[in-house]
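> Need a 3D model of the following:
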Amino acid sequence: MGLGLHWKRTVRSWVYLETYLHLSGNRELRVENCTKILEYNDVLVRLQTRDMVVEIWGTDLRVFDYNDSSVIVRGSVTSIQLAEKR
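Numbers count the residues shown, from 1 in each chain. Model (predicted):
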């Protein structure tokens, strides 16, 4: 890893620009640094963060507390998929 890439990652972590996922069992997921809700229904929530797309699959999914760049998804989470932002 080059010095430039290392420095960029270090600075991003200092200013809290990384995407953070906090999973509580399979009933609640908090996604920090969310910039946009791309899709939302009871089986799929697709979120845009600064550097990736987060797909949460499950049943009875609901989005709560969308403010301060974080989202809480509650329901029965069965799968979480991460893809780099294009």
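> and the residue most central in space within the chain, what is it in contact with?
Geometric centre of the chain, nearest residue: Val31, 3.8 Å, by C-alpha atoms, centre = their mean. Val31 makes contact with 19-21, 47, 49, 54, 70-71, 73, according to C-beta atoms under 8 Å, 6 or more residues apart in numbering. Every C-beta, even on glycine, is put in place using the N, C-alpha and C of the backbone.
> Would you confirm that Ser70 contacts Leu29?
No: counting by C-beta atoms under 8 Å, Ser70 stays clear of Leu29, with 10.8 Å between them.
> what about the two, which has more around it?
Leu29 (23 against 14; other C-beta atoms under 10 Å).
> Could you measure from that one over to Asp60?
13 Å (C-beta to C-beta, to the nearest Å).
> what secondary structure does the residue nearest to the centre of the chain sit in?
Here Val31 takes the strand state, with states given by DSSP: H, G, I helix; E, B strand; the rest coil.
> which non-adjacent residue is nearest it?
Nearest residue to Val31 in three dimensions, chain neighbours excluded: Val71, at 4.9 Å (C-beta to C-beta, 6 or more residues apart in numbering).
> what do you get for Leu29?
That would be Val73: by C-beta to C-beta, 6+ apart, it lies 4.7 Å from Leu29.
> With Asp51 instead?
Computed as C-beta to C-beta, 6+ apart, the closest residue to Asp51 that is not its neighbour in sequence is Lys85, at 5.4 Å.
> and the one you found, what does it touch?
Neighbours of Lys85 in contact, by C-beta under 8 Å, 6+ apart: 48-53.
> can you tell me how far it sits from Thr19?
As it turns out, when the distance is counted by C-beta to C-beta, Lys85 lies 10 Å from Thr19.
> same deal with Leu47?
Counting by C-beta to C-beta - Leu47 and Thr19 are separated by 9 Å.
> Quick check: neighbours shared by the two?
Common neighbours of Leu47 and Thr19 (C-beta under 8 Å, 6+ apart) are 31, 54.
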